[in-house]
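Peer 1: fold the following for me, if possible:
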Amino acid sequence: MITYISTEHPVVEWIDTKYFKNFTLLSKRISREDPKYYVEVYVHTLFKLDNNLKPSFYFYQFLTNRYRPSFVEMHFSFCEMMNSDTFFGETMRNAIPGRKCPFPPGEYDLKNMSIPYVPRGFPFAKGRIYCNVSFADGGVTKHIGRGSIDMEIKVAKLRKRTRKGNL
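Peer 2: Next up, the predicted model:
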């Protein structure tokens, strides 16, 4: 049995084309044996990814057929998240191994990402994660992107693949 966070129905609501040439967010299953959905990000940035980039994550609980704000929020500077966060940062580090922050402008393909663990005592089982991205440009902080993805904590029994004749 495994407990995991399933992430489905990703939406890039808006990006500022002054900062991004492209930003694609996908969710997919890799195999029938693995119940998890994996997130993939394909992004072409027009700016250096450093601590001027500030992602903020807001967790909304699905309650009485609506997504309602919860008290769970995470706010980062990009390199801080990449270098030391064990939730989103670890996922991204695994997708681009050997790379250190800051990152130059360019194309980045982050594949097969999943949240590495379910935090003990997480307060709800179903919800949506909203992400707002801002950038400090010349002393002025600008909102440069927004998106969301649905999440659900699930438990699954892993099936073992066997070949005919094997036990």
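
Peer 1: remind me, longest strand of the chain?
Peer 2: Scanning the chain for the longest strand, with DSSP state E as the assignment, gives strand 140-156.

Peer 1: quick one, phi psi at Lys111?
Peer 2: With angles defined as degrees, to the nearest 10, Lys111 shows backbone torsions of phi -110, psi 150.

Peer 1: got the contact list for it?
Peer 2: Under the criterion of Cβ atoms under 8 Å, 6 or more residues apart in numbering, the neighbours of Lys111 are 38, 40, 95. In this view, the C-beta of every residue, glycine as well, is placed from N, C-alpha and C.

Peer 1: just grab the bridge partners of the closest residue to Glu107 other than its chain neighbours for me.
Peer 2: On the basis of Cβ to Cβ, 6 or more residues apart in numbering, the spatially nearest residue to Glu107 that is not a chain neighbour turns out to be His44, at 4.7 Å. Beta-bridge partners recorded for His44 (DSSP bridges): Asn22, Glu107.

Peer 1: same question, Phe59
Peer 2: Applying DSSP bridges to Phe59, the residues it is bridged with are Ile129.

Peer 1: was I right to think it contacts Val72?
Peer 2: Yes. With contact defined as Cβ atoms under 8 Å, Phe59 and Val72 form a contacting pair (3.8 Å).

Peer 1: who has more neighbours out of these two?
Peer 2: Set side by side, Phe59 and Val72 give different neighbour counts by other Cβ atoms under 10 Å, the larger being at Phe59 (19 against 16).

Peer 1: and the helix or strand where Met92 lies, what does it pack against?
Peer 2: Under the criterion DSSP states H and E, the helix or strand holding Met92 is helix 88-95. If contacts are counted by 3 or more Cβ pairs under 8 Å, 6 or more residues apart in numbering; DSSP states H and E, helix 88-95 sits against helix 78-84, strand 106-113.

Peer 1: adding mean pLDDT, write those out as CSV.
Peer 2: CSV is the format used below for those (pLDDT from 0 to 100):
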stretch, mean pLDDT
helix 78-84, 96
strand 106-113, 96
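
Peer 1: tell me the SS of Cys101?
Peer 2: Here Cys101 is coil, with the state taken from DSSP: H, G, I helix; E, B strand; the rest coil.
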